[in-house]
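Chemist: structure here, sequence nowhere to be found:
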């Protein structure tokens with residue numbers, strides 16, 4: 001509403017369509033009527049998403065094919081549209097599958113879709129988790145909820161303004177002038193971007209989960225230290241968990257999953273990841289990004305790598321490096337403004353990787369980026385890899401640890417935080 005007040009009607013329309021669709025599905029007696037109401041809900045909700053997010057992308061492609069008569073619409077993309085549309089759709093599908101009873105209180109359902117901490121950038125909460133909490137909300141805020149939630153918020157804020165925004169200055173400077181940089185500089189910027197997007201998005205998720213916890217609500221985890229993954233399959237179980245499980249449950253399984261032979265399994269994986277790429281934005285770069293991840297998943301499944309378990313620490317580290325390299329490669333297409341830019345960057349990394357031409361650019365910016373990365377990796381390796389925030393509260397020294405942890409986070413935010421940082425990357429999706 002800060003951008004355009006009338007856009008609040010879009011959320012109300014989404015809420016109304018799926019609220020009515022779910023009630024009609026539950027009320028209908030035969031499968032044909034249930035399917036009709038399901039598809040009416042899906043089509044109407046997805047039409048809203050298409051109009052605002054994909055219409056002009058379709059026109060671009062029609063113009064490229066020679067259909068010049070099609071015209072663009074001068075409309076803004078509402079913040080968080082993809083997130084609350086997917087959240088609303090999951091509710092209707094769960095009611096249709098009989099896993100959930102339809103909600104008959106419009107205010108309760110509207111609160112589920114519009115729960116403010118996660119409305120604009122996730123996590124994509126499932127109705128089965130959040131609706132019972134809204135119905136049975138306890139307005140007494142406990143010390144445990146507030147303490148864990150506050151620590152989570154300041155940790156997420158640190159990841160955003162200290163790590164992501166510091167790395168972002170270097171990444172933007174290099175990628176926005178990619179023609180002037182050699183492969184080693186572009187490679188460094190790509191590695192920095194891998195951590196930037198992780199800290200930017202997981203930082204938001206931490207803040208959303210923390211804010212909800214301070215109010216007494218439990219959101220599902222959205223990230224589980226993804227760069228410690230030992231396969232691409234493992235990575236997608238840890239990265240943007242709410243989206244990856246949504247795509248698995250409602251796209252991959254609906255297409256047949258892995259139940260109909262290897263060829264159809266690979267087809268289903270590729271279609272799911274392509275849709276996941278397109279969900280991120282109306283650009284072929286995102287589709288290519290999703291396709292590359294789909295190819296890597298298919299390759300792992302084909303050779304049985306997803307079941308490979310090494311006990312040797314050296315082999316585990318090699319696996320993590322392998323995952324990080326492949327995922328960082330895909331991030332080039334995610335970050336690049338155009339396909340031509342992405343290809344040019346890839347070519348330079350592989351053909352012009354001259355370390356002697358590496359550019360730090362600004363010593364202060366580069367030094368702040370490295371220092372921020374050290375803080376992140378130290379905390380994740382020695383603390384968060386072994387304990388979650390629940391464990392830290394219940395641990396022996398919890399009464400001291402969480403307050404000290406929060407104070408340190410605030411100290412680093414004040415000392416190293418980027419006050420002129422950018423908006424969250426996932427606001428555009």
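Modeler: It's in. What you see is a predicted model; the values in this text were computed from it and never measured. Numbers count the residues shown, from 1 in each chain.
Chemist: outside of stretch 139-151, which residues touch it?
Modeler: For stretch 139-151, contacts defined as Cβ atoms under 8 Å, 6 or more residues apart in numbering pick out 209-216, 389-390, 392-393, 402-403, 405-406, 409. (Glycine included, C-beta is placed from N, CA and C.)
Chemist: restricted to buried residues, select the residues you listed in ChimeraX.
Modeler: In ChimeraX, a selection of the buried entries from the contacts of stretch 139-151 looks like this (16 or more other Cβ atoms under 10 Å):
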select :209,210,211,212,213,214,215,216,389,392,393,402,405,406,409
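Chemist: tell me what the helix or strand encompassing residue 134 is packed against?
Modeler: In the assignment (DSSP states H and E), residue 134 maps to helix 127-135. Using 3 or more Cβ pairs under 8 Å, 6 or more residues apart in numbering; DSSP states H and E, the elements in contact with helix 127-135 are helix 81-96, helix 106-113.
Chemist: tell me which helix or strand the nearest residue to residue 291 once chain neighbours are set aside sits in.
Modeler: Of all residues beyond its chain neighbours, the one nearest residue 291 is residue 274 (5.6 Å), with distances taken as Cβ to Cβ, 6 or more residues apart in numbering. Per DSSP H and E: residue 274 is located in helix 262-280.
Chemist: straight-line length of stretch 234-249, end to end?
Modeler: For stretch 234-249, the first-to-last residue distance is 17 Å (Cα to Cα, to the nearest Å).
Chemist: who touches it?
Modeler: Applying Cβ under 8 Å, 6+ apart, the set of residues contacting stretch 234-249 from outside is 86, 90, 122-125, 201, 220-226, 228-229, 272-273, 275-276, 279, 293, 297, 306, 323, 327.
Chemist: gap between the helix holding residue 134 and the chain center?
Modeler: Taking the mean of its C-alpha atoms, helix 127-135 sits 22 Å from the chain's own mean (Cα atoms, centre = their mean, to the nearest Å).
Chemist: on that earlier part again, following element in sequence after the helix holding residue 274, please.
Modeler: Proceeding N to C from helix 262-280, the next assigned helix or strand is helix 284-303, under DSSP H and E.
Chemist: for burial, what's the neighbour tally of the residue nearest to residue 405 when sequence neighbours are not counted?
Modeler: Nearest non-adjacent residue to residue 405, counting by Cβ to Cβ, 6+ apart: residue 151, 5.8 Å away. Neighbour count for residue 151, taken as other Cβ atoms under 10 Å: 23.
Chemist: got phi/psi on residue 151?
Modeler: Per-residue torsions, residue 151: phi -60, psi -40 (degrees, to the nearest 10).
Chemist: go on, residue 72?
Modeler: phi -80, psi 160.
Chemist: could you do residue 352 as well?
Modeler: The phi and psi torsions at residue 352 (degrees, to the nearest 10) take the values phi -140, psi 50.
Chemist: for it, give me its contacts.
Modeler: Residues near residue 352 by Cβ under 8 Å, 6+ apart: 182-183.
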